[in-house]
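A.B. asks: turn this into a model:
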Amino acid sequence: QVQLVESGGGLVQAGGSLRLSCAASGRTFRAFGMGWFRQAPEKEREFVAAISWPEGTTLYADSPKGRFIISGDNAKNTVYLQINSLKPEDTAVYYCAAVEIRTHYYPADAGLYDYWGQGAQVTVSS
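C.D. replies: Numbers count the residues shown, from 1 in each chain. Next up is the predicted model:
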């Protein structure tokens, strides 16, 4: 089993920045992918960004794009999502997810992830 714990959410004014963290513990894999998804009220969960290990390859959704930066610290088993120039429409619960990569990895497919965190609320005020 893998446990994922998000942190760093909160209330932020539009134009501000914040960094979400996702700390993983439990099983380790030789190759794995970690993704960030978000779900706004009354909307479907959407893919934001992902990173795959051991290559460190990153992938971003077409939208939103440019204001989000995903990174990871393998030594700390932690993945980060930096969000800049926050907008009210970024208000959502942000989830991190993890999956062992055996053959192929489709980062944007939420259904392929085996492990999910509890979510971190991000609220952007205008």
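A.B. asks: okay, which residue is most central for the protein?
C.D. replies: Per Cα atoms, centre = their mean, the C-alpha nearest to the average position across the chain is that of residue 36, at 2.0 Å.
A.B. asks: can you show me the CA trace of the helix or strand hosting that one as PDB?
C.D. replies: Assigned by DSSP states H and E, residue 36 belongs to strand 32-39. C-alpha atoms of strand 32-39 as PDB (Å, rounded to 0.1, in the frame of the first residue of the first chain):
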ATOM      1  CA  PHE A  32       6.000   5.200 -10.900                       C
ATOM      2  CA  GLY A  33       3.900   8.100 -11.900                       C
ATOM      3  CA  MET A  34       2.500  10.800  -9.700                       C
ATOM      4  CA  GLY A  35      -0.200  13.100 -10.900                       C
ATOM      5  CA  TRP A  36      -2.100  16.100  -9.600                       C
ATOM      6  CA  PHE A  37      -5.800  16.500 -10.300                       C
ATOM      7  CA  ARG A  38      -8.300  19.000  -9.200                       C
ATOM      8  CA  GLN A  39     -12.100  19.100  -8.700                       C
END
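A.B. asks: residue 71: which element?
C.D. replies: Going by DSSP H and E, residue 71 is part of strand 68-73.
A.B. asks: just give me how far the helix or strand following that strand sits from the chain centre.
C.D. replies: Per DSSP H and E, the first helix or strand lying C-terminal to strand 68-73 is strand 78-83. Once both centres are worked out by Cα atoms, centre = their mean, to the nearest Å, strand 78-83 turns out to sit 7 Å from its chain's centre.
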